[in-house]
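J.: Need a 3D model of the following:
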Amino acid sequence: MSQLNDFLVRITDKPNMLATRTSNVQAHIAGLKGHVESGTIVMSGPILAEHPKTADEGLPITGSAWLVRANSEEDVRAIIANDVYAKIGVWDVDNVSVTPFKCILRKPL
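T.: The predicted structure follows:
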């Protein structure tokens, strides 16, 4: 069995996709659930243009960020390609950043 590698993933949304993203967030989360439960996706969440100043403000989402444990970059890109956000055109899949990362310290979740 090969050792898993850590990857930082940054996926930018295409312009004007917030409504499409929001209306499909439950399907997106459901699709990630197995990857989170298996420990493949360690962290996932939206990238924000800025933090809201009040609780009533909506989130200015510009993309997604993940910390992934996988054998290879190809495995990470396969997870991305199979996500509903990639399939319906929310994400700019041509400009995904998958960066090799070596986690030295991690608080157990």
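
J.: any idea of the mean pLDDT for whichever strand in the chain runs longest?
T.: Scanning the chain for the strand with the most residues, using DSSP state E, yields strand 61-70. Throughout strand 61-70, pLDDT has a mean value of 97.

J.: Parallel or antiparallel, which strands does it pair with?
T.: strand 5-12 (antiparallel), strand 41-48 (antiparallel) (DSSP bridges).

J.: Please identify the most buried of those strands.
T.: Comparing these by mean neighbour count (mean count of other Cβ atoms under 10 Å), strand 5-12 ranks first with a mean of 18. Yep, even glycine has a C-beta here, placed from its N, CA and C like the rest.

J.: How far off centre is that strand?
T.: Strand 5-12 sits 7 Å away from the centroid of its parent chain (Cα atoms, centre = their mean, to the nearest Å).

J.: who touches that strand?
T.: Applying Cβ atoms under 8 Å, 6 or more residues apart in numbering, the external contacts of strand 5-12 come out as 42, 47, 62-73, 76, 80, 85, 91-93, 95-103.

J.: Now do the same for residue 99: helix, strand or coil?
T.: Following DSSP: H, G, I helix; E, B strand; the rest coil, we place residue 99 in the strand state.

J.: Could you export the next helix or strand after the longest strand of the chain as CSV, CA atoms only?
T.: Per DSSP states H and E, the first helix or strand lying C-terminal to strand 61-70 is helix 73-81. Extracted as CSV, the C-alpha positions of helix 73-81 are listed here (Å, rounded to 0.1, in the frame of the first residue of the first chain):
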residue,chain,number,x,y,z
GLU,A,73,-2.6,14.6,-8.1
GLU,A,74,-4.5,12.6,-10.7
ASP,A,75,-6.7,11.0,-7.9
VAL,A,76,-7.4,14.5,-6.6
ARG,A,77,-8.4,15.8,-10.0
ALA,A,78,-10.7,12.8,-10.5
ILE,A,79,-12.6,13.7,-7.3
ILE,A,80,-12.9,17.3,-8.6
ALA,A,81,-14.1,16.2,-12.0
